[in-house]
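# Using only what follows, build the 3D model:
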Amino acid sequence: MENKTWERIYFQETYQKPCLFYVLFGTDSMDKLAVSKSRHNIDGMPSELEVINYSKQEGERQKNYIEGFYQGLPGEFLKAKDSRLYDEVMSCSNIAVVRGEFDDSATFSYLKNTIGIVQAVMETGVKAILDLQIMQWFEPEEWSKKFFEPMSPNVFEHVVILESGENGGTWLHTRGMRKFGRPDLSIRKVTPDKMELGVEIINRFIQAFAHGVIPDEKREIKIRNSAGGIFGRLLGDYENMDFSNYYFEIDGI
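Have a look, this model is predicted:
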């Protein structure tokens with residue numbers, strides 16, 4: 001019987017290419033890398049996936065590239081998470097970057113296979129992993145439990161919902177939907193009494209977009225206790241600093 005676990009149940013068309021980008025710190029023993037189809041739950045190495053090693057010992061250019069991952073906002077997030085882990089990351093001389101943009105995204109196979117490759121690299125003795133799409137840091141065991149050990153994709157774990165204060169309420173916005181080749185989500189000026197509803201709407205679209213639905217600016221968004229007239233607008237681009245992605249802004253909740 002065909003395994004449907006990793007299907008994208010609403011998939012319509014590619015729309016945008018999914019993009020995955022992980023940085024693994026402390027890859028000093030890559031000669032020990034051993035990838036197993038059965039143990040790492042992969043079908044094979046995706047042709048679009050790159051595994052690239054960088055070392056501070058290879059010159060200033062590679063040193064600056066490595067250090068760029070824990071400077072600025074990613075570094076602030078790491079310090080806030082765990083100062084000990086920050087010190088360990090700072091001391092790492094070698095990293096591996098696992099990244100790819102995928103042509104075939106009719107199923108979640110590209111995601112499953114990439115997770116398996118990342119897991120194999122982590123088993124060489126990695127200290128920490130940065131999921132650059134959501135700018136979240138993980139220790140190896142933490143990452144494995146959240147992403148590798150589940151035998152089906154929990155799309156909500158791959159996306160973060162952020163809250164930012166602004167005049168008139170709270171801005172709810174996501175990072176991570178580029179992993180699925182879909183725009184991120186944004187709802188502005190959410191008042192305290194609408195916060196639960198705002199998160200519910202964001203989660204509804206995470207589920208739908210991740211499983212393949214195409215954003216539609218002309219389709220009215222049905223919301224409980226609403227008089228109607230709520231739509232989304234597709235905005236942004238990949239250079240947008242808030243999302244590193246296009247985003248679907250929902251107006252009028």
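# Tell me the bridge partners for the residue nearest to Val23 when sequence neighbours are not counted.
Once flanking residues are discounted, Val23 sits nearest to Leu130: 4.3 Å by Cβ to Cβ, 6 or more residues apart in numbering. Any C-beta I mention is one placed from the backbone N, CA and C, and that applies to glycine too. Residues in a beta bridge with Leu130, per DSSP bridges, are Val23, Trp137.
# Run a quick neighbour tally on Leu130.
Neighbour count for Leu130, taken as other Cβ atoms under 10 Å: 23.
# I'd say it and Gly68 touch.
No. Between Leu130 and Gly68 there is no contact under Cβ atoms under 8 Å: 11.1 Å.
# Can you give me the pLDDT of Asn225?
Asn225 carries a pLDDT value of 71.
# One more: Gly75?
Looking at Gly75, its pLDDT stands at 89.
# tell me which element the residue nearest to it when sequence neighbours are not counted is part of?
Sequence neighbours aside, Tyr86 is the residue nearest to Gly75 in space, at 7.4 Å (criterion: Cβ to Cβ, 6+ apart). When elements are assigned from DSSP states H and E, Tyr86 belongs to helix 83-91.
# same deal with Glu142?
helix 140-143.
# A strand includes Leu185, no?
Yes. Counting by DSSP: H, G, I helix; E, B strand; the rest coil, Leu185 falls inside a strand.
# For Lys194, see how far away it is.
15 Å (Cβ to Cβ, to the nearest Å).
# Quick check on the two: which one has the bigger neighbour count.
Higher neighbour count among Leu185 and Lys194: Leu185, with 27 against 17, using other Cβ under 10 Å.
# For the more buried one, list the residues it contacts.
Counting by Cβ atoms under 8 Å, 6 or more residues apart in numbering, Leu185 makes contact with Leu172, His173, Thr174, Met177, Ile202, Phe205, Ile206, Phe209, Tyr247, Phe248, Glu249, Ile250.
# Next up, the contacts around the second one.
Residues near His173 by Cβ under 8 Å, 6+ apart: Ile161, Leu162, Ser164, Asp184, Leu185, Ser186, Ile187, Asp242, Phe243, Tyr247.
# Likewise for the last one?
Under the criterion of Cβ under 8 Å, 6+ apart, the contact list for Ile250 reads Leu185, Ser186, Ile187, Ile201, Phe205, Ile221, Ile230, Phe231, Gly232.
# Drop anything exposed from those residues.
Leu185, Ser186, Ile187, Ile201, Phe205, Ile221, Gly232 (16 or more other Cβ atoms under 10 Å).
# okay if I get those as CSV plus pLDDT and distance to Lys145?
Formatted as CSV, those follow (pLDDT from 0 to 100; distance: Cβ to Cβ, whole Å):
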residue, pLDDT, distance to Lys145
Leu185, 98, 26
Ser186, 98, 30
Ile187, 97, 30
Ile201, 96, 29
Phe205, 97, 26
Ile221, 91, 34
Gly232, 96, 34
